[in-house]
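>>> What follows is a predicted structure for the sequence shown.
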Amino acid sequence: MKIQNKNILLISPEPWEHIFVSKHHYATHLGELGNKVFFLNPPSQKTRCKPTDSKNVFSVHFQGFLKGLRFLPSFLQRYFIRQKFEMLQKLCGVKFDIIWSFDNSVFYDFSALPKEVYSISHIVDLNQDFEFEKATNTADLCLSTSSFISDNQLKFNSNSHNIGHGYNTTSLESRPMKLSGEYNLKCGYAGSLDSRYLDWEMIENLLKNFPEVGFYFAGNWRLKSKNYYVKGYPNFYHLGKLESVELQSFY
């Protein structure tokens, strides 16, 4: 199947406003190929569909599903999934040709959708293990970033493939970013600084024990109050959220 001039519902566990990761890059590249991509954000209190700055990409907000959906009988799960799918088609004003999901916590039973809709379950994160078996079993195609994930997918769907992690290219010229501080050695991190997996004690030890190294952190940091003490180190720099092309310059 040639993926051009299609209406694609792309389901992401991260919102469009998040620092760009693989889901966002897939959306923008699919849009550049002439498809209309409707980027479905995680459930929120809003219901709307609006254009983004990326060509042919729309940011879609919805209010999620009935709580406890996974505990209902299968036929009721399929009913509510189909109902929500139809609502999104009406909201976006299109009929979806493809549903491309990076999140198996929503729309995990693809058998609920119209037969003509091609379904892709694309797992790039190990923590996407909510309704793994049902999403894999009912998808037309399963993709993953590692053999560990694809081996699990193959247990439920023979059309499963490890395609590795994507690499984003850009036609814009990327130049090295000018960073503050006169350090011969610079250490960089890009990602959410609110992640509960960050070891702030280790980060403080690095700042303290390697004053000759500049440490540069790029990404959202809403919960500064909890770890704000690291700002007291002269070799710590927070650059804020960087756009995709800026990240390449940063690296």
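Here it is on my side, so go on.
>>> Show me the helices in the stretch 101-250 of the chain, by range?
For the stretch 101-250 of the chain, the helices defined by DSSP state H, counting those that start in this stretch occupy 132-138, 147-154, 200-209, 224-227, 244-250.
>>> With mean pLDDT, distance to residue 74 and mean neighbour count added, can I get those in JSON lines?
(Glycine included, C-beta is placed from N, CA and C.) Formatted as JSON lines, the helices of the stretch 101-250 of the chain follow (pLDDT from 0 to 100; distance: least, Cβ to Cβ, whole Å; neighbours: other Cβ atoms under 10 Å):
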{"stretch": "helix 132-138", "mean pLDDT": "97", "distance to residue 74": "9", "mean neighbour count": "20"}
{"stretch": "helix 147-154", "mean pLDDT": "96", "distance to residue 74": "21", "mean neighbour count": "17"}
{"stretch": "helix 200-209", "mean pLDDT": "96", "distance to residue 74": "44", "mean neighbour count": "13"}
{"stretch": "helix 224-227", "mean pLDDT": "81", "distance to residue 74": "42", "mean neighbour count": "11"}
{"stretch": "helix 244-250", "mean pLDDT": "81", "distance to residue 74": "40", "mean neighbour count": "17"}
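>>> And those helices: which comes nearest residue 21?
Residue 21 lies closest, by Cβ to Cβ, to one member of the helices of the stretch 101-250 of the chain: helix 244-250, at 9.8 Å.
>>> Quick one: closest of the helices of the stretch 101-250 of the chain to residue 16.
Nearest of the helices of the stretch 101-250 of the chain to residue 16, taken as Cβ to Cβ: helix 244-250 at 12.5 Å.
>>> I'd like the distance from that closest one to the chain centre, please.
From the chain centre to the centre of helix 244-250 is a distance of 18 Å (Cα atoms, centre = their mean, to the nearest Å).
>>> What is it packed up against?
Counting contacts by 3 or more Cβ pairs under 8 Å, 6 or more residues apart in numbering; DSSP states H and E, helix 244-250 packs against strand 185-190, strand 213-218.
>>> what's the last one packed up against?
Just to be clear, that refers to strand 213-218. Under the contact criterion of 3+ Cβ pairs under 8 Å, 6+ apart, strand 213-218 touches strand 185-190, helix 200-209, strand 236-240, helix 244-250.
>>> will you turn those into TSV that also has distance to residue 95?
Rendered in TSV, the data for the helices and strands packed on strand 213-218 read as follows (distance: least, Cβ to Cβ, whole Å):
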stretch	distance to residue 95
strand 185-190	38
helix 200-209	48
strand 236-240	40
helix 244-250	30
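>>> got TSV for the helices and strands packed on helix 244-250, with mean neighbour count too?
Shown next, in TSV, are the helices and strands packed on helix 244-250 (neighbours: other Cβ atoms under 10 Å):
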stretch	mean neighbour count
strand 185-190	14
strand 213-218	20
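>>> can you redo those strands as TSV with distance to residue 37?
As requested, the helices and strands packed on helix 244-250 are exported to TSV (distance: least, Cβ to Cβ, whole Å):
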stretch	distance to residue 37
strand 185-190	24
strand 213-218	25
